[in-house]
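> sequence plus the predicted model coming up.
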There are 4 protein chains.
Amino acid sequence: MVFTLVYKERKAMLKVGVIGATGYTGEELVKILLNHPKVELTSITAKVEKESRMSDLFGRFLGKCDLMCKNLDVDEVAKKTDLVFLALPHGVSMQYAKAFLKKGKRVIDLSADYRLSDASLYKEWYHIKHTDEVNLAESVYGMPEVYKSQIKEARLVANPGCYPTVSILSSLPMAARHHLGLSGIIIDAKSGITGAGRKAALGLHYSEINESIKAYKINEHQHIPEINQELTKARGSRVDVTFVPHVVPLNRGILATVYMMYREKVRQDDVLSIYKDYYKKAPFVRVLDEGRLPEIKDVVYTNYCHIGLKVNEEKGLVIAVAVIDNLLKGASGQAVQDMNIMNGFNETEGLI
Amino acid sequence: MVFTLVYKERKAMLKVGVIGATGYTGEELVKILLNHPKVELTSITAKVEKESRMSDLFGRFLGKCDLMCKNLDVDEVAKKTDLVFLALPHGVSMQYAKAFLKKGKRVIDLSADYRLSDASLYKEWYHIKHTDEVNLAESVYGMPEVYKSQIKEARLVANPGCYPTVSILSSLPMAARHHLGLSGIIIDAKSGITGAGRKAALGLHYSEINESIKAYKINEHQHIPEINQELTKARGSRVDVTFVPHVVPLNRGILATVYMMYREKVRQDDVLSIYKDYYKKAPFVRVLDEGRLPEIKDVVYTNYCHIGLKVNEEKGLVIAVAVIDNLLKGASGQAVQDMNIMNGFNETEGLI
Amino acid sequence: MVFTLVYKERKAMLKVGVIGATGYTGEELVKILLNHPKVELTSITAKVEKESRMSDLFGRFLGKCDLMCKNLDVDEVAKKTDLVFLALPHGVSMQYAKAFLKKGKRVIDLSADYRLSDASLYKEWYHIKHTDEVNLAESVYGMPEVYKSQIKEARLVANPGCYPTVSILSSLPMAARHHLGLSGIIIDAKSGITGAGRKAALGLHYSEINESIKAYKINEHQHIPEINQELTKARGSRVDVTFVPHVVPLNRGILATVYMMYREKVRQDDVLSIYKDYYKKAPFVRVLDEGRLPEIKDVVYTNYCHIGLKVNEEKGLVIAVAVIDNLLKGASGQAVQDMNIMNGFNETEGLI
Amino acid sequence: MVFTLVYKERKAMLKVGVIGATGYTGEELVKILLNHPKVELTSITAKVEKESRMSDLFGRFLGKCDLMCKNLDVDEVAKKTDLVFLALPHGVSMQYAKAFLKKGKRVIDLSADYRLSDASLYKEWYHIKHTDEVNLAESVYGMPEVYKSQIKEARLVANPGCYPTVSILSSLPMAARHHLGLSGIIIDAKSGITGAGRKAALGLHYSEINESIKAYKINEHQHIPEINQELTKARGSRVDVTFVPHVVPLNRGILATVYMMYREKVRQDDVLSIYKDYYKKAPFVRVLDEGRLPEIKDVVYTNYCHIGLKVNEEKGLVIAVAVIDNLLKGASGQAVQDMNIMNGFNETEGLI
């Protein structure tokens, strides 16, 4: 046993609030933030009939979090926080993001409200008019693997959707190779049920979901424009993916199988190198070695994205299979990763 | 290959209606009745916003049942049916049972409305006043293993609840041994989620149920008086069970572990004989040989109840483990079994 | 009540045997055949350490099937049967099919041994030499929607695999349109775990499968040549699909999402008509109306295949989503459908 | 932003090894220890055909743990560790515990080998003779809520089984009230499947477990003597529980419903006070307020035990419902809690 003395320089804790704490992403944010060594969770709100302690709302927080979950009062929350997470439905977030930004708070928005830089696309896919185009113009898409330096300085981060996170991470390194003749991208995604949100609905009844699978919103899912936007930016020319989401009976996790079709031969080795190179500094993305394919169980309850690659050289077909935990890398984990970057913390702080 | 000529005497088909066809028990009734060789399903109703074909409401019935699911009109249904199944919530059934009986139709009610012969108990446990005590007085508890001859003649059958079915079948043969000194019965029941009904509720959300178990309504479940009533009748003196239901993540099936405590030694052999003897003429109850215990997967999608027995002779403790499919032997299958008996069909007709 | 007299002409029952009754497809065959009104199940065999009654091996058969499950003795089985189902592993079937055919029995083989008309392909994908090319030459691929008239007369039927059944049914009507410029077919299939067979394996442990999804054998699955063979025949020119199977946590069911890419525009209306027309006489295939997508829960425990269609007219992309129960339409149900056709029974007899 | 200076005194890291790292408890130990701020995981072994990196054996450890998983060499492991966890089958542990103790290492054994202080009971329930009675005599039962001070000094800790942990925690406070007239304890336990261990077995096949429940080893489970031993010690007179375990389809978690029968009236208030008082210093046990019942989902992936209480005052019946994560509080989490206590770390260090 050796004793050593260490000096540790320490900033004051970052004070944060979670707005919309009773949904799955809100609950998950609270869970992470309670264990995060650099932050103090000072404020929790949600639309509640009766203000209650978090430990009364979620047995999981018994003896761990006795903060009251209150209805949102922007002034009150602003007084107690440096940064707020908005875990709200789309359309609702943009009402409050504006208010918090005005008060000088930094905002990480988990809704779709600030993800599409083109407000008319927002209108088209979400069927409501965007009411905060000023802040939209300066928001940063919170995908650290692509926008790390911008996130650092951002006042407003638009945290990517769960489907877009896994879809973009698994296709972007190839999409960015603009000199290759891409003829199409098909994304076949399989998602667990927390992705649908925590709400009463017959379609989410255990026995309607269990022992079944279904496809839904083929080419109509609102996450499509977000995927196209990022791949188009990376490629420098229009990308228009085919996106087919499926509901699968598990709580957490998405597996996306992505088919990228090229007009020329592509080599397995090259593809593997492109991906490994692209993610060599990304702490939460792992590109698997040849012959290995990812499984949801390896990333669930973590912030990791695992990507496996299989190329049909003759057909010019690259198949990427990628997995994430939809509530972590697909939502709250990524949001905390963004918070870490924004505040100069270690990017992996508080995340596993 | 030999050809033979057979004569077959055949009654006209029994015309039946299902009232409340959009719940799990209603759907199951429709499924069974469509394949039943002796009945014609002529009428399907439910509380629906828009009248639709059953095949539009349930993909399962595509090409199998194009009957319209209408809102209930007693006159219209009565014209088309000889017998109706009421798969309605408690409190609602008693409004319509009366009406159908008045029109000379036979009624099998799957709700709790006619199960408790003492109307004051109904009030106590269901928190509403019984409004049809006249018919209550003549209703027959639809458990064929106990009341077969009465069911035969009944105009109104009260189909047992799912928990009571498995609880009573597994304890009644011992409870009926009134000369034995019973000091208590504990029923620890584990149920799949269709038992909670088909409705939108946060507590039934896939991710609230999956990967979890909970106990609920300990000693407060509304099925308790029904169990006590039947065991008390069988024993000839007051039985008051302890009943603890649990929610378990599976679609269908209940397993009940029943602890019967005696003030005297009981022998494994005797217990086994008592049960085998009691059910020797029951086509849907199987008492397992010594050393064998039942599993839900063996009875799911069937109308069977399997019972395994384990005795601690020293302690005077009889443990019965029983399984049923809650939607079949615990509801719609038993209702069809009752219908078969009421109409002189083979008791197992249309059931597997 | 009206009495009528009906005459019914009746053949003697067809005597059948199930070889390999302890696997999932064998168990399912026994279940169906026990309830089939035109057959008598006379012989059950499997590789067993100790010969046991089926009801001792499977609780489900208690009181329903007390036949002994014996080790296979071809002579003994042949004496008792007119037709045998071989539910054996590939490589094993071809040893016994030959023997039963020699004794004049009709054979329905559920393994892959007689599915590939080119024996060299069998060698390539199954890594063993085919040892019964004589019977292979006359075997009929048991897909009633394509080969009904040949099945009628067949002595040896090669029952299609589960993945091929859903893949072919969902793509064949379009593949058969040989004048359309097809540029590729991608099949993304999701299967329940009974598809992996009933055997001890760490990879099939409940906790390795539950709450996870994985892709496997990308472009390497042994069912690929079977799919290519049938689509190529239908199209009249070489079709080479991309096939990616996934393991999903449910017992039964496959959902296949099939992407068919054309070099020209295709219209949703036309596609729908093509499919509806193709299957207008198929009792177990349902093509859903526009806007409707299939779910596994609608076909599980039935012999149905449901197909939903979505066309991206601009891209020339036809997306077919199809579901089956892998143990029924994907195996034992289809085998019984074949048996019905071979014996002049109603095609749907004994199946739901 | 305020800067502060903090001093931190720090011991050298404790060097630990995990023996038997490829089972579920071993994997879980590795997961916890990798994130534990006070330990360094220096050695990982298991019975492996080929020595491999942990990240090759478990995708979960990609980029997190590249240690080789080797076959056990006691000398080699002893050189690199201060303390070892034995996550081995019973009968195997006692061969190695002895060896490590001899080399001056502290040992936490997760098997059953050192839990029963009476070696003849071990023989009776595990059917093998105990071969290390010397160390057995000094081993400490690793339940911190009961034996904290002894654990502190222990060289050899016998980590409790999963069923005993939840059974004892939920009944001990009442059992310890020796002046009350206890007439019997029934423990009805429901466990997830990781409890059965990570191994190939037909009975653990996904489709044999999914959508089913079964009871097993009624009054014959090898965890019974361990429960009786601890309750008897606490009570000061012989306690002999009835124990019925059930297999339920979920990965992780046990819920035990415990029925404690008294010969006298007991009051809900008193019972609640007894439990709250008993666990007032236990960081991982939460006694729920009246009217609240625990759910597995609230404790899964944590080291907590939640206990809810319901008393039938008339019957003298105390019902305790308790939940734990079988792999954490029921195994590896508790083992790390013991390690923390043994080394003077904060009891909750590295655990959530």
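Right, received. Where do you want to start? Numbering: from 1, shown residues only, chains lettered A, B, ... in the order given.
> residues in contact with A:Phe58?
By C-beta atoms under 8 Å, 6 or more residues apart in numbering or on different chains, A:Phe58 lies in contact with A:Glu27, D:Asp298. For every residue, glycine as well, the C-beta is placed using N, CA and C.
> now it: how far from D:Thr242?
As for A:Phe58, its distance to D:Thr242 is 34 Å (criterion: C-beta to C-beta, to the nearest Å).
> any low-confidence regions in chain A?
A:1-11 (pLDDT under 70).
> where do the domain boundaries of it fall?
Domain segmentation of chain A under automatic domain parsing yields A:14-138, A:163-326.
> need the longest helix for chain A.
helix A:162-175 (DSSP state H).
> and that one, what other elements does it pack with?
Helix A:162-175 sits against helix A:144-153, strand A:182-191, helix A:224-235, strand A:242-247, strand A:254-262, helix A:268-278, strand A:305-312, strand A:317-324, with contacts defined as 3 or more C-beta pairs under 8 Å, 6 or more residues apart in numbering or on different chains; DSSP states H and E.
> compare those and give me the one nearest B:Leu67.
strand A:242-247 (28.7 Å; C-beta to C-beta).
> is the closest one anywhere near chain C?
Yes - among the residues of strand A:242-247, A:Thr242, A:Val244, A:His246 lie within reach of chain C under C-beta under 8 Å from any C-beta of the partner chain.
> the last one and A:Lys190 touch, don't they?
Right, the one you point to is A:His246. Yes - look at A:His246 against A:Lys190 with C-beta atoms under 8 Å: they come within range, at 4.7 Å.
> buried deepest among the helices and strands packed on helix A:162-175, which one?
Here the criterion is mean neighbour count by mean count of other C-beta atoms under 10 Å in any protein chain shown, and of those the winner is strand A:317-324, at a mean of 27.
> from the chain's centre, how far out does it sit?
Taking C-alpha atoms, centre = their mean, to the nearest Å, the mean C-alpha location of strand A:317-324 is offset from the chain mean by 18 Å.
> which secondary structure elements does that strand contact?
helix A:162-175, strand A:254-262, strand A:305-312, strand C:242-247.
> mind checking these for the one nearest to C:Ile296?
strand C:242-247 (13.2 Å).
> which parts of the stretch 201-350 of chain A sit against chain C?
A:208, A:210-216, A:218-219, A:242, A:244, A:246, A:248-253, A:255, A:257, A:259, A:261, A:293-297, A:300, A:308, A:310, A:312, A:315, A:317, A:319, A:321, A:323.
> about what we covered before: how about the residues of strand A:242-247 next to chain C in TSV, adding distance to B:Val107?
TSV is the format used below for the residues of strand A:242-247 next to chain C (distance: C-beta to C-beta, whole Å):
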residue	distance to B:Val107
A:Thr242	54
A:Val244	47
A:His246	43
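> what's the closest of those residues to chain B?
Chain B has its nearest neighbour among the residues of strand A:242-247 next to chain C in A:His246, at 14.4 Å by C-beta to the nearest C-beta.
> now do that closest one against D:Val244, distance only.
39 Å.
> ditto for A:Ser149
Taken as C-beta to C-beta, the span from A:Ser149 to D:Val244 is 60 Å.
> quick one, what contacts the residue of the stretch 251-352 of chain A found nearest chain B?
With C-beta to the nearest C-beta, the shortest gap between the stretch 251-352 of chain A and chain B falls at A:Asn251, namely 4.8 Å. If you count contacts by C-beta under 8 Å, 6+ apart, A:Asn251 has them with A:Gly192, A:Ile193, A:Thr194, B:Tyr206, B:Ser207, B:Asn210, B:Glu211, C:Glu211.
> A:Gly253: how many residues sit nearby?
Using other C-beta atoms under 10 Å in any protein chain shown, A:Gly253 is surrounded by 30 other residues.
> who's in contact with the closest residue to it other than its chain neighbours?
Distance criterion C-beta to C-beta, 6 or more residues apart in numbering or on different chains; nearest residue to A:Gly253, sequence neighbours excluded, is A:Ile296 at 3.6 Å. Listed by C-beta under 8 Å, 6+ apart, the contact partners of A:Ile296 are A:Gly192, A:Leu250, A:Arg252, A:Gly253, A:Ile254, A:Leu255, A:Val323, A:Asp325, C:Glu211, C:Ser212, C:Ile213, C:Lys214.
> touching, the last one and A:Pro294? I think so.
Yes - at 7.2 Å, C:Lys214 counts as touching A:Pro294 under the criterion of C-beta under 8 Å.
> mutual contacts of the two, please.
Common neighbours of C:Lys214 and A:Pro294 (C-beta under 8 Å, 6+ apart) are A:Leu255.
> okay, those two: which has more neighbours?
Each of C:Lys214 and A:Pro294 has its neighbours counted (other C-beta under 10 Å); A:Pro294 has more, 27 against 22.
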